[in-house]
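S.K.: got a sequence here, can you model it:
(one chain, ligands or ions: 1)
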Amino acid sequence: MKAIRTACSEMPVNDGIADKARRHLVQPWPTVAAIGNEVRTVLTRSDGIYVFDENERRLIDGPAGMWCVQIGHRRAEMARAVAEQIMTLDYYSPWYTTAAPAAELAARIAAYAPGDLQHVFFTTDGSTAVDSALRFVQFYNNVLGRPDKKLIISRQNAYHGSTYLTAACCGKPRDKGFMDEASHLVRRISSPYPYRRPAGMSVEAFCDFLVEELERTILELGPNRVACFVAEPILASGGVIVPPEGYHRRMEEVCRKYDVLTISDEIVTGFGRLGHVFASEPVFGLAPDIITFAKGVTSGYVPLGGMIVSARLVNEMKATDHGAVMFAHGFTYSSHPVSCAAGLANLDIIEREGLLRHVREIAPYFQARLRELAELPIVGEVRGMGLMACVECVSDRASREPLALDQEVGRRIDRHCQELGLMVRPMGHLCVMSPPLIIERSQIDDMVAILKEGIERTQDDLRREGLWNG
Ligand SMILES: Cc1ncc(COP(=O)(O)O)c(C=O)c1O
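M.R.: Presented below is the predicted three-dimensional model:
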């Protein structure tokens, strides 16, 4: 450890990465105590479905970064596409110019989108994609002369981003405590969480309840005040919550009845995770007014997000006499040529390697193998669809009582799994698995074996420490 004396401090400073991160790098979702005091696992490189830590330990990338590294790590074709774009045209202002990568990517994305969704607006990430969709809906209603139609309906357990407006649409109770948000614009309704439905209620009756709750909420707030319903087809960070059969179609029908727009947040489900570029229509039978995307659009290699807007909405605005008013919204990096070039190369790989078909073929094996973990006494449920799944740990399988968060069971499982060669995405008592789409059967076997061992070691620890007696 090399100690140096800085101008403003007499404290020794280690020039190692971990030490610099601990002192200066604020990472997402830190606790107050962690700021200036925390090191997360230091990764040094990546390859295929693997990442490597500073001790050269090879780890299966269980969460594909954060649901995004669809094509796997370290693809030379992506590096070439990005480098070539930088050497051709690195940046231009989207305010007054355009260029091939954004136009071509918009056209390819529109061709995959359902219905009449054909206007693509690029942002920098998922939060700005959803924020743009929500602001577009507000703008649309202003142009149509309905300035009171502004309220957004979202759901408990949802995650839509970290901007001021999208944060208000999120419904994870743990994130709410000390953060302000635009809550006056949002009403949250129940999560379509079959595992946590009211005791004694069938899944069908639960679905009826959810649909009725949406209609009741719209009527209570007033259909003239409700602008949109924003929903992830599968609630991802909320715990890979797969709604009951028919839920989405019925929710959409209620929205149509009251002229409430639907935003399908496909930031996680898009670009192959469920075996389709967009899952809304082929998997859930939906015809949303807007789809948002990010993450998998570039496999996370460079930042990019966006929304696809229905031609109907645009035409309705054009039919008013407000053709000259401006959607005063955009980012310096909207339509970024390097990000869009990465998006094109990513789609090339997905198409050429048949990754959508691969996901549809391998997903049943992935889901079946993971469901074997349901036999472990601490596991309440294993659920998922496509290449996304969640293992939910409980203190008691009969009552489904969750484990107290401060037992940080997910983090303990993650720690054990990292020692064994697997990155987990721990969220309280939930472990999420959403590997790169290129994963093969033998690698799924490795992943499940490590996860099982990690959960078993955690069970032993909790028993030994008297924190759980399952
Ligand atoms: C469904 C969904 N929407 C929006 C976001 C926000 O995306 P980003 O973190 O890129 O801003 C996320 C991030 O995980 C997400 O899962």
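
S.K.: next up, the contacts around Val203.
M.R.: 194, 197, 244-245 (CB atoms under 8 Å, 6 or more residues apart in numbering). No exception for glycine: its C-beta is placed from N, CA and C like everyone else's.

S.K.: confidence score at it?
M.R.: You'll see Val203 listed with a pLDDT of 98.

S.K.: how far away is it from the ligand?
M.R.: According to CB to the nearest ligand atom, to the nearest Å, Val203 stands 23 Å off from the ligand.

S.K.: how far away is that residue from Leu210?
M.R.: As for Val203, its distance to Leu210 is 10 Å (criterion: CB to CB, to the nearest Å).

S.K.: got it, and Val51?
M.R.: 38 Å.

S.K.: equivalent analysis for His24, please.
M.R.: Separation of His24 from Leu210 (CB to CB) stands at 46 Å.

S.K.: in ChimeraX, select just the buried ones from the contacts of Val203.
M.R.: Buried members of these, defined by 16 or more other CB atoms under 10 Å, are picked up in ChimeraX with:
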select :194,197,244
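
S.K.: restrict the contacts of Val203 to contacts with the ligand.
M.R.: Taking CB under 6 Å from any ligand atom as the test, the ligand is in contact with none of the contacts of Val203.

S.K.: shared neighbours of Val203 and Leu210, which are they?
M.R.: Overlap of the contact sets of Val203 and Leu210 (by CB under 8 Å, 6+ apart) consists of Pro244.

S.K.: can you give me the helices in this protein?
M.R.: For the chain, applying DSSP state H gives helices covering 17-24, 64-67, 76-88, 100-112, 126-143, 164-169, 203-221, 247-257, 280-284, 311-318, 337-352, 355-371, 409-420, 441-464.

S.K.: where does the stretch 101-250 of the chain get nearest to the ligand, which residue?
M.R.: Residue of the stretch 101-250 of the chain nearest the ligand, by CB to the nearest ligand atom: Gly126 (2.1 Å).

S.K.: quick check: closest non-adjacent residue to that residue.
M.R.: Excluding its sequence neighbours, the residue lying closest to Gly126 (CB to CB, 6 or more residues apart in numbering) is Ala294, at 3.6 Å.

S.K.: can you get me a residue count around that neighbour?
M.R.: Ala294: 29 surrounding residues under other CB atoms under 10 Å.

S.K.: need the contact list for Leu214.
M.R.: Shown in contact with Leu214 (CB under 8 Å, 6+ apart): 153, 189, 229, 251, 254-255.

S.K.: swap that for Pro337, sorry
M.R.: Per CB under 8 Å, 6+ apart, neighbours of Pro337: 85, 89-92, 99-102.

S.K.: how near is it to Ile350?
M.R.: In this view, Pro337 and Ile350 are 20 Å apart by CB to CB.

S.K.: same deal with Arg80?
M.R.: Between Arg80 and Ile350 the computed distance is 17 Å (CB to CB).

S.K.: give me the more crowded residue out of these two.
M.R.: Ile350 (21 against 12).

S.K.: so that one makes contact with Phe271?
M.R.: Yes. In this structure Ile350 lies within contact range of Phe271 using CB atoms under 8 Å: 7.1 Å.

S.K.: which neighbours do these two have in common?
M.R.: Taking CB under 8 Å, 6+ apart as the criterion, Ile350 and Phe271 both touch 70, 277.

S.K.: that's all I had, so thanks and see you.
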